[in-house]
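A.B. asks: Following is a predicted model, sequence given first.
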Amino acid sequence: MQLFYTEKIDEKISLSNEENKHIVKVLRKNVGDKINIINGKGFLFIAEIEEIKKNTVSLKVIKKEKKEKQHKYNLHLAIAPTKNINRFEWFLEKATEIGINEITPIICSRSERKKVNLERCNRIIISAIKQSMKFYRPKLNSPISFIDFIDKEYPGEKYIAHCLNQKKHKIIKSKNLSHLILIGPEGDFSENEISQAINKKFKPTTLGNSRLRTETAGVVATQTLNLLFE
């Protein structure tokens with residue numbers, strides 16, 4: 001199934017220039033052909049091409065389907081953006097493909113990158129949900145400081161993954177389906193940040209015996225939850 005994406009769906013649908021060009025130039029669709037469209041909020045729309053003018057496609061909705069979420073748990077990953085932005089973008093793509101609900105870039109004391117291009121990152125997420133046949137778009141939040149983030153209330157299991165040699169808890173399947181996991185920057189969280197998180201009821205956790213890159217740790221954490229609730 002070929003999926004297209006737009007947030008604005010009424011009886012008539014307008015797609016982006018990029019999506020229109022793909023329909024006309026690459027797929028060579030014609031008037032009367034059907035197109036599958038998602039809005040990232042759990043709906044699949046079947047639309048029919050009514051008119052094609054140059055690279056602009058006019059579509060009419062003929063069917064609307066509500067889709068169930070493809071995973072039952074809720075995963076919020078708060079992760080430090082990597083110095084090499086390509087690695088962070090790779091994480092966004094892979095985590096979206098596996099299944100994640102929310103992502104927050106956190107700025108830590110050892111962070112070497114403090115800004116991300118949210119527009120570009122959202123385009124990567126949209127591309128990943130289309131490729132992996134998902135109907136729900138993960139929410140990407142604006143970057144926030146570590147201390148401000150851990151001060152927020154969260155009604156679920158809270159973990160901080162770090163490399164210090166101390167007692168740690170495994171991420172386990174619990175009755176509470178909501179999970180928040182903190183992933184630090186290159187160089188790990190500082191000891192002070194780890195202490196602050198533990199004081200806020202975050203459980204220290206491990207993602208295995210290997211020392212992982214930030215983006216790898218993010219993918220491992222995402223897959224860990226996916227396997228636990230499979």
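C.D. replies: Nice, thanks for sending it over.
A.B. asks: Quick check: closest non-adjacent residue to Ser127.
C.D. replies: Glu93 (7.4 Å; CB to CB, 6 or more residues apart in numbering). From N, CA and C alone the C-beta is placed, and that goes for glycine too.
A.B. asks: distance between the worst-scoring helix or strand of the chain on mean pLDDT and the chain's centre?
C.D. replies: None of the helices or strands of the chain scores lower by mean pLDDT, DSSP states H and E than strand 12-13, at a mean of 76. On the basis of CA atoms, centre = their mean, to the nearest Å, strand 12-13 sits 26 Å off its chain's mean C-alpha point.
A.B. asks: same check, this time on stretch 149-166
C.D. replies: Worked out by CA atoms, centre = their mean, stretch 149-166 lies 19 Å from the chain centre.
A.B. asks: burial measure for Thr96, as a count.
C.D. replies: For Thr96, the count of nearby residues is 24 (other CB atoms under 10 Å).
A.B. asks: same question but for Ser190, I mixed them up
C.D. replies: Residues near Ser190, counting by other CB under 10 Å: 17.
A.B. asks: can you map out the strands along the chain?
C.D. replies: Assigned by DSSP state E, the strands in the chain fall at 3-5, 12-13, 34-38, 43-53, 56-66, 74-79, 102-107, 139-140, 144-145, 157-161, 178-183, 203-205.
A.B. asks: so what's Ile171 up against?
C.D. replies: Counting by CB atoms under 8 Å, 6 or more residues apart in numbering, Ile171 touches 157, 159, 179, 181, 205, 221, 224-225, 228.
A.B. asks: which one of those is nearest Gln166?
C.D. replies: The closest of those to Gln166 turns out to be Thr205 (CB to CB; 11.0 Å).
A.B. asks: got the domain boundaries for the protein?
C.D. replies: Segmentation of the chain into domains, based on automatic domain parsing, reads 3-66, 74-228.
A.B. asks: Pull up the distance across the last one, start to finish.
C.D. replies: It stands for domain 74-228. 12 Å (CA to CA, to the nearest Å).
A.B. asks: cool, and stretch 38-57?
C.D. replies: Using CA to CA, one end of stretch 38-57 lies 16 Å from the other.
A.B. asks: now this protein, which segments are flagged as low pLDDT?
C.D. replies: 11 (pLDDT under 70).
A.B. asks: Quick one: the helices in it, in order.
C.D. replies: Applying DSSP state H to the chain gives helices spanning 17-21, 85-98, 118-131, 146-150, 191-199, 214-228.
A.B. asks: Pipe those helices into TSV and attach distance to Ile171 per row.
C.D. replies: Below are these laid out as TSV (distance: least, CB to CB, whole Å):
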stretch	distance to Ile171
helix 17-21	38
helix 85-98	15
helix 118-131	23
helix 146-150	18
helix 191-199	15
helix 214-228	5
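A.B. asks: now Ile35: how far from Ile46?
C.D. replies: Ile35 is 8 Å from Ile46, where distance means CB to CB, to the nearest Å.
A.B. asks: hmm, back to that, out of the contacts of Ile171, which are buried?
C.D. replies: 157, 159, 179, 181, 205, 221, 224-225 (16 or more other CB atoms under 10 Å).
A.B. asks: Out of the residues you listed, which comes closest to Ile98?
C.D. replies: Among the buried ones among the contacts of Ile171, and counting by CB to CB, the member closest to Ile98 is Leu225, at 8.7 Å.
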